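Visitor: how does the following fold in three dimensions:
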Amino acid sequence: MEKGGSKGEDLALLAQSRDWHDRRRVAWNPCTPQEVLRSLARDKVQWVREAVAGNARSPPDLLVKLSEDSSGFVRAAVALNCQTPAEVLEMLAGDEMTDYDVSLGKNRYLVKEAVAKNRNINPQTLAHLARDSDEHVRAAAAANPLMPADLLAKLVRDISWLVRNNIARNPATPEELLAFLAADRIMDVRITAAVNPRTPASALEALASEKSWEVREAVARNPNLEKKALDELSSHWSWKVREAVAENPNVSQETLRRLADDPDQSVQKTAQGRLGNDN
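Guide: Residues are numbered from 1 along each chain as shown. Take a look at the predicted model:
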């Protein structure tokens with residue numbers, strides 16, 4: 001049995017509160033002893049059980065049990081837990097639980113999306129979810145750093161911009177795919193590629209010449225953008241682009257000194273702060 005100490009005893013006492021909000025806070029707490037989590041896993045309120053399912057301190061056998069919970073939200077929390085075994089994730093990859101997303105006006109497969117994001121997922125399950133008919137499931141799989149390059153190469157032409165955007169964000173995406181996405185027809189995808197530190201220099205140079213100030217602001221934040229390009233962007237009409245240049249760790253001292261006298265106070269403050277810290 002674990003030694004929870006005085007803090008563990010306090011949490012055990014709070015776990016008996018009549019207010020389920022208190023019990024949920026205990027269930028989320030990373031210091032909660034496992035025997036208390038086991039008790040809370042049987043709570044009648046699904047949001048308490050969901051918190052247990054999401055707690056990285058919950059033991060694997062408890063997560064196995066919660067993966068069969070009647071609540072899809074609990075199962076989704078299990079699917080996100082970094083301690084959940086790969087065989088449980090494989091089982092949950094077929095979970096068809098949905099919840100209505102008001103912002104999108106459509107149902108989301110919450111459990112499958114959660115499985116696709118988990119770093120414990122096995123390659124076969126991840127590949128299966130990458131072929132799912134739902135764009136949000138594919139997008140979740142596309143963001144997983146475990147996604148192999150050959151599958152990313154197939155997904156890079158996905159009809160859903162959400163999928164392509166997550167590939168552009170994925171730290172494991174090869175440079176050639178990032179260069180391809182840097183020319184995507186959707187501006188949001190180009191912006192995401194612009195800030196990825198793995199995007200090759202030639203693609204960054206092209207992005208720095210875009211008409212869109214949003215893209216230029218994004219690329220101005222990339223620490224791998226060359227000093228020459230940063231110097232050119234420091235004269236851009238948008239203060240947000242100039243401020244991004246001032247924040248870039250690769251910007252030259254000469255450019256910073258010029259931005260320290262910028263007509264915009266936010267740009268001035270950022271550049272002067274950088275100069276002060278570097279001295």
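Visitor: which residues are in contact with the residue nearest to residue 261 when sequence neighbours are not counted?
Guide: Of all residues not flanking residue 261 in the chain, residue 268 sits nearest, at 7.0 Å (C-beta to C-beta, 6 or more residues apart in numbering). Just so you know, the C-beta spots here come from the backbone N, C-alpha and C atoms, and that holds for glycine as well. By C-beta atoms under 8 Å, 6 or more residues apart in numbering, residue 268 lies in contact with 259, 260, 261, 262.
Visitor: mark which of these are part of helices, please.
Guide: Among the contacts of residue 268, the subset assigned to helices under DSSP state H consists of residue 259.
Visitor: please identify the helix or strand for the residue nearest to residue 261.
Guide: Per DSSP states H and E: residue 268 is located in helix 265-278.
Visitor: any idea how far the residue nearest to residue 261 is from residue 236?
Guide: 15 Å (C-beta to C-beta, to the nearest Å).
Visitor: now do the helix or strand hosting residue 115, average pLDDT.
Guide: Using DSSP H and E, residue 115 falls within helix 110-117. Averaging pLDDT along helix 110-117 gives 98.
Visitor: elements contacting it?
Guide: helix 72-80, helix 86-92, helix 123-130, helix 135-142 (3 or more C-beta pairs under 8 Å, 6 or more residues apart in numbering; DSSP states H and E).
Visitor: which one of the ones you listed lies nearest to residue 106?
Guide: With C-beta to C-beta as the measure, helix 135-142 is the member of the helices and strands packed on helix 110-117 nearest residue 106 (8.8 Å).
Visitor: residues making contact with that closest one?
Guide: 108-109, 112-114, 116-117, 126, 129-132, 147, 152, 155, 158-160, 162-167, 170.
Visitor: can you list the helices and strands packed on helix 110-117 in CSV and add mean neighbour count?
Guide: Output for those, formatted as CSV (neighbours: other C-beta atoms under 10 Å):
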stretch, mean neighbour count
helix 72-80, 24
helix 86-92, 18
helix 123-130, 19
helix 135-142, 24
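Visitor: re earlier: from the contacts of residue 268, list the buried ones, please.
Guide: 259, 260, 262 (16 or more other C-beta atoms under 10 Å).
Visitor: give the buried residues for the helix or strand bottoming out on mean pLDDT in the chain.
Guide: Lowest on mean pLDDT, DSSP states H and E among the helices and strands of the chain sits helix 5-14, with a mean of 82. Buried residues in helix 5-14, counted by 16+ other C-beta under 10 Å: 8, 11, 12, 14.
Visitor: elements contacting that helix?
Guide: Counting by 3+ C-beta pairs under 8 Å, 6+ apart, helix 5-14 packs on helix 20-28, helix 34-40.
Visitor: list of residues touching it?
Guide: Applying C-beta under 8 Å, 6+ apart, the contact partners of helix 5-14 are 2, 4, 22, 23, 25, 26, 29, 31, 32, 33, 36.
Visitor: rerun that using 7 Å as the cut-off
Guide: 4, 22, 26, 29, 31, 32, 33, 36 (C-beta atoms under 7 Å, 6 or more residues apart in numbering).
Visitor: check stretch 179-190 too.
Guide: With C-beta under 7 Å, 6+ apart as the test, stretch 179-190 has contacts from 156, 161, 164-165, 167-168, 193-194, 199-200, 202-203, 206-207, 212, 214-215.
Visitor: any chance of the contacts of helix 5-14 in TSV with distance to residue 79 as columns?
Guide: Formatted as TSV, the contacts of helix 5-14 follow (distance: C-beta to C-beta, whole Å):
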residue	distance to residue 79
4	28
22	26
26	22
29	21
31	24
32	21
33	24
36	23
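Visitor: write the ChimeraX selection for whichever of these are buried.
Guide: Selection of buried members from these for ChimeraX, criterion 16+ other C-beta under 10 Å:
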select :4,26,29,32,33,36
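Visitor: okay then, goodbye and thanks.
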